[in-house]
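In: Have a look at this prediction, sequence included:
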Amino acid sequence: GLSTYLPLPESLAAEKSDANQDTPIFLAHGSIDQVIPVELAYATRTRLEKAGYQLEWHEYQHMPHSVSLDEINHISAWLQRVLA
């Protein structure tokens, strides 16, 4: 997810299953996001990792709630890897 978080983190345990355990997850967030604070993304990352999900995390310094060229390049490379 780009600039996202788990709005209902307590539901993660009920939603977790063998069918989604190996689903690739890409998380990216700007360090100065004024819409969704990066701390919510940190909590999401931690909760997903503790639940056993493998994810790729990117934090972009000095980036607000937007998209950067680095972020586009990272997600492009990730998609090429997971869809290959």
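Out: Nice, thanks for sending it over.
In: tell me the contacts of residue 28?
Out: 1, 2, 3, 57, 58, 59, 60, 71, 74, 75 (Cβ atoms under 8 Å, 6 or more residues apart in numbering). C-betas here are computed from N, CA, C, even on glycine.
In: Go through these and flag which are in strands.
Out: Taking DSSP state E, the ones among the contacts of residue 28 that sit in strands are 57, 58, 59, 60.
In: Just give me the neighbour total for the last one.
Out: Under the neighbour criterion other Cβ atoms under 10 Å, residue 60 is assigned a count of 20.
In: what does the first one give?
Out: Around residue 57 there are 15 other residues, counting by other Cβ under 10 Å.
In: One more: the third one?
Out: Neighbour count of residue 59, defined by other Cβ under 10 Å: 15.
In: Write down the beta-bridge partners of it, one by one.
Out: Residue 59 has the following beta-bridge partners by DSSP bridges: residue 29.
In: my guess is it meets residue 32, correct?
Out: No - between residue 59 and residue 32 there is no contact under Cβ atoms under 8 Å: 10.5 Å.
In: Between those two, which contacts overlap?
Out: With Cβ under 8 Å, 6+ apart, residue 59 and residue 32 have common neighbours residue 38.
In: Would you map the strands across the chain?
Out: Under DSSP E, the chain gives strands at 25-30, 55-60.
In: Just send those back as TSV, with mean pLDDT too.
Out: Output for the strands of the chain, formatted as TSV (pLDDT from 0 to 100):
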stretch	mean pLDDT
strand 25-30	97
strand 55-60	97
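In: Export those strands as a markdown table, with columns for distance to residue 47.
Out: Formatted as a markdown table, the strands of the chain follow (distance: least, Cβ to Cβ, whole Å):
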| stretch | distance to residue 47 |
| --- | --- |
| strand 25-30 | 11 |
| strand 55-60 | 11 |
